[in-house]
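Chemist: here is my input; please provide its structure:
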Amino acid sequence: MFCITDVLHEGIRCNPLFERARPGYTFHNDLDLRIASCGYADDLLTFAESWEDEWMMHQWILDFCHVHAFKINVNKCRYFISNWKENDPRWLPSVDGKSKIFPQPPSTPFRYLGLWLSMSLDWCKQIEVLNKYVMDWRWKAYVAKVDAAQLKTSVIDYLLPKMDIGLLHANVTAKMCGSWLCYSHDLRASADEQCSLRESSCILPLS
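Modeler: Numbers count the residues shown, from 1 in each chain. From the prediction side, this is the model:
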């Protein structure tokens, strides 16, 4: 068995079109490291430092799709240019040549492997998603009137796994974490109060 993206990576690396161009992106802290593409399952990302290099890599991907009868869903494709400008003419063609993949500005958020990120490293969208997770969890817990023990279990088993990758990468401030803790504290206090009322209602007065 082989992964589709593995074949695409190898094709990009060995394609004679790229012998002189050496497509990919280098990092200022490691000039020997050059990344041209990465992928997971059927998701593929390509990187280039110029429009010409990106165009060549895209042509190779189109050739690959033609040979193997693959299609590219234009509606799901995201194409970003760091020096994007309005009505940018540097679009890319679809496999059948009937549609265009238009470039978007580097501030545009996109979701990849469960994480919302952007070329400009703006984490606003991911933080918005994290905040929504907390608010939704708080509301569901409040409506269900769960007790303190169930709240703890729901945080460990449900809430934190959903937030894990976002907390790992996004620039979440201490102030935001503090506000989440306040919400949780208020909700737990309410749950503790409900437990106390239930317990007291079970105590019969002695005559």
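Chemist: got a list of contacts for the longest strand anywhere in the chain?
Modeler: Assignment by DSSP state E gives strand 30-35 as the longest strand of the chain. Strand 30-35 has contacts (CB atoms under 8 Å, 6 or more residues apart in numbering) with 22, 24-27, 47. The way it works is simple: take the backbone N, C-alpha and C, and place the C-beta from them, glycine included.
Chemist: what strand or helix carries residue 139?
Modeler: helix 124-144 (DSSP states H and E).
Chemist: contacts for that helix?
Modeler: Helix 124-144 is touched from outside by 109, 115-118, 150-151, 154-155, 158-159, 162-163, 166-167, 169-172, 176, 180, 183-184, 187, 190-191, with contacts defined as CB under 8 Å, 6+ apart.
Chemist: SS state for residue 178?
Modeler: helix (DSSP: H, G, I helix; E, B strand; the rest coil).
Chemist: and residue 164, by the same measure?
Modeler: helix.
Chemist: quick one: neighbours of it, just the number.
Modeler: Residue 164 has 11 neighbouring residues, counting by other CB atoms under 10 Å.
Chemist: centre of the chain to the longest strand of the chain, how far?
Modeler: Distance of strand 30-35 from its chain centroid, counting by CA atoms, centre = their mean, to the nearest Å, is 24 Å.
Chemist: next one: stretch 99-115
Modeler: 11 Å.
Chemist: okay, it in PDB with CA atoms only?
Modeler: This file holds the C-alpha atoms of stretch 99-115, laid out as PDB (Å, rounded to 0.1, in the frame of the first residue of the first chain):
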ATOM      1  CA  SER A  99     -12.400  26.400 -13.100                       C
ATOM      2  CA  LYS A 100     -10.000  28.700 -11.500                       C
ATOM      3  CA  ILE A 101      -8.400  28.500  -8.000                       C
ATOM      4  CA  PHE A 102      -8.100  32.200  -7.000                       C
ATOM      5  CA  PRO A 103      -5.500  33.300  -4.500                       C
ATOM      6  CA  GLN A 104      -6.500  34.700  -1.100                       C
ATOM      7  CA  PRO A 105      -4.700  37.000   1.300                       C
ATOM      8  CA  PRO A 106      -2.300  35.600   3.900                       C
ATOM      9  CA  SER A 107      -4.600  36.600   6.700                       C
ATOM     10  CA  THR A 108      -7.300  34.200   5.600                       C
ATOM     11  CA  PRO A 109      -7.900  31.400   8.100                       C
ATOM     12  CA  PHE A 110      -8.000  27.800   7.000                       C
ATOM     13  CA  ARG A 111      -8.500  24.500   8.800                       C
ATOM     14  CA  TYR A 112      -5.900  21.800   8.500                       C
ATOM     15  CA  LEU A 113      -5.800  18.600  10.500                       C
ATOM     16  CA  GLY A 114      -8.200  20.100  13.100                       C
ATOM     17  CA  LEU A 115      -6.300  23.400  13.600                       C
END
